[in-house]
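1. I need the structure of the sequence given here:
(chains A and B)
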There are 2 protein chains.
Amino acid sequence: MTAVPEVDVPSQAPAAVPTPTPGDPRLARLALNQATVNRWSVPEVIDGCARAGLPAVGLWRDPVVQTGLSKTVRLLRSAGLRVSSHCRGGFLTAPDQPAALDDNRRAIDEAAELGAACLVMVVGGLPQGSRDLVEARERVAAGVAELAPYAAQRGVRLALEPLHPMFCADRAVLSTLGQALDLAEGFSAETVGVVVDTYHVWWDPTVLDQIDRAGARIASFQACDWILPLPADTLLGRGMVGDGYADVAGLRRAVDTTGYTGDIEVEIFNAEIWSADPEEVIATVARRHVQHVVDPTPPDPSSTRGK
Amino acid sequence: MTAVPEVDVPSQAPAAVPTPTPGDPRLARLALNQATVNRWSVPEVIDGCARAGLPAVGLWRDPVVQTGLSKTVRLLRSAGLRVSSHCRGGFLTAPDQPAALDDNRRAIDEAAELGAACLVMVVGGLPQGSRDLVEARERVAAGVAELAPYAAQRGVRLALEPLHPMFCADRAVLSTLGQALDLAEGFSAETVGVVVDTYHVWWDPTVLDQIDRAGARIASFQACDWILPLPADTLLGRGMVGDGYADVAGLRRAVDTTGYTGDIEVEIFNAEIWSADPEEVIATVARRHVQHVVDPTPPDPSSTRGK
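-> Reported below is the predicted structural model:
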């Protein structure tokens, strides 16, 4: 067994809490999105999550295809892991709309096969050369309307993800939770939900009201911190929970208050984290989860510890 | 007289329209914020605007102090220029609140002396070590409440500027126009207005509704484009109007529909623009204004051009 040094990555600060071990109830909802440890293949991330005592994993389409869909399903079952999300569909503002829809139907098929809690939808930015956000947003709504019946038929929940407004031009014209809900509310909550990703929504002055409004539409809760400075590639500017400015615990409480009992998925794109040992990344994720995300477990009255 | 080459900066693309000359009615509301040509001193920017036929200029506190407040006022009068904005007050979340308020009162005094249309307020980010946006926003509201009576007494209009959510942690916990209006509406519209800066608000799915709601509270309209990629220093990531993704003309029309007849101030922080010849910058600003911001002037029936 590898001894994992109790040092957080990427901060290299000494761990503030011991790494929780498999079976710890505070890990019961912790999921790791595989993009956080992108050096690992699907078999490696499934194995790593299982060994660390994480009950769920978020997967990405390309690595799943590389491993093979049915092999991935077998590995998940044998490890007893849930799929907290499948990433991702969307890009509905692409010039070739029929091709985009076909690709999304394939993603829905994969999510169904994996039994994923949802298919995350990153809806796409402004079409090439356009400044017309209204039209781009209409195109997204039309795409979701096309896909929803197929998703319902396959038993897959589409999870519309508002991205930070910094990504409005090039990745997602859905920029706020309120806007995502305006769109989602045209469909049944079972078929079209929303993602609450702390990195994307933490700044929003209406976010707590919108989480309350979202209620049963919350299909995925993702945890990630806002850190500064932003790197040259802003896609990779995400921070380990606890290293930055976002009130992740407050957002988690608000989401739970709506009755959300799903997974809390850690998804971090960060070059420093990618270059670290994935075992250390996963240990830091688990420590930060108990330190910064879940509420302290009430003391066990049968235990004499702390008396 | 210097011949200004008809090449846009910083794109180096050939100019799409001739540079409008002094007296052109399409320049009647064009203001240049001096930070766009930050190599120029206050006397140089006043002179440059006057020569280019721009009727107004946005000034910054430090260079005005360097030139001297009364000298600046004399130069403005002799050039016949309006001051579209004075930049800036704010930073109300600073640890030393009394010092921050004192500094804002000095900024109000300067704005009064300059006869500025408004004092732009960049309200400040999260206090050091805090993740409590609610508390930070309350601190801003308390600061504005402290300053509003003094501003009213000096006849200065405070203009609350929502900044792009990318700057929420470190520069402004006011992130949307709606949020700025929620705060401003506690005061008279003459004393507390808002800034609509296209760079900061273009992505907002509610921006057109909020501009409509803002109505007479619009104290300043600033034009600047959203370009990609963002540079390492995101403060300097702003683009020349027409080079990016923001629908500046659409936002200008929305602002004008509310009855706003004030200046359209171009404020761009961009290292490439700063290193260009300020004369070329100002010429590009004027060309892009007629090309991308104002509506085409109806043809003059007494003219034979274009027949």
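2. From A:Asn38, how far out is A:Ser275?
-> 10 Å (Cβ to Cβ, to the nearest Å). For the C-beta atoms, the positions are set from N, CA and C on the backbone; glycine is no exception.
3. So the two - more neighbours on which side?
-> A:Asn38 (17 against 11; other Cβ atoms under 10 Å in any protein chain shown).
4. most residues in a single helix of chain A, which one?
-> helix A:133-154 (DSSP state H).
5. quick one: buried residues of that helix?
-> A:133, A:136-137, A:139-140, A:143-144, A:146-148, A:150-152, A:154 (16 or more other Cβ atoms under 10 Å in any protein chain shown).
6. what does stretch A:249-260 give?
-> In stretch A:249-260, counting by 16+ other Cβ under 10 Å, buried: A:249-252, A:254-256, A:258, A:260.
7. circling back to that earlier point, next structured bit after the longest helix of chain A?
-> Downstream of helix A:133-154, the first helix or strand assigned by DSSP states H and E is strand A:158-160.
8. what distance separates that following strand from the middle of the whole chain?
-> Put simply, strand A:158-160 sits 11 Å off its chain's centre (Cα atoms, centre = their mean, to the nearest Å).
9. likewise stretch A:168-176?
-> With Cα atoms, centre = their mean, you get 17 Å for stretch A:168-176.
10. First-to-last residue distance for it?
-> 10 Å (Cα to Cα, to the nearest Å).
11. residue contacts, the residue nearest the centre of chain A?
-> Centroid-nearest residue in chain A, with Cα atoms, centre = their mean: A:Gln222, separated by 4.0 Å. Going by Cβ atoms under 8 Å, 6 or more residues apart in numbering or on different chains, A:Gln222 touches A:33, A:85, A:195-199, A:264-267.
12. coming back round to it: and which of the buried residues of helix A:133-154 is nearest to A:Thr67?
-> A:Arg154 (21.0 Å; Cβ to Cβ).
13. Does the closest residue to the closest one other than its chain neighbours belong to a helix, a strand or coil?
-> Take A:Arg154 and drop its neighbours on the chain: the residue closest to it by Cβ to Cβ, 6 or more residues apart in numbering or on different chains is A:Ala112, 4.2 Å away. Here A:Ala112 is helix, with the state taken from DSSP: H, G, I helix; E, B strand; the rest coil.
14. hmm, back to that, keep only the buried residues of stretch A:249-260 that also lie close to chain B.
-> Contacts with chain B within the buried residues of stretch A:249-260, counted by Cβ under 8 Å from any Cβ of the partner chain: A:Gly250.
15. and the buried residues of stretch A:249-260 as a markdown table, adding secondary structure and pLDDT?
-> Converted to a markdown table, those look like this (DSSP: H, G, I helix; E, B strand; the rest coil; pLDDT from 0 to 100):
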| residue | secondary structure | pLDDT |
| --- | --- | --- |
| A:Ala249 | helix | 97 |
| A:Gly250 | helix | 97 |
| A:Leu251 | helix | 98 |
| A:Arg252 | helix | 98 |
| A:Ala254 | helix | 98 |
| A:Val255 | helix | 98 |
| A:Asp256 | helix | 98 |
| A:Thr258 | coil | 98 |
| A:Tyr260 | coil | 98 |
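16. Before I go, just wanted to say thanks for your time.
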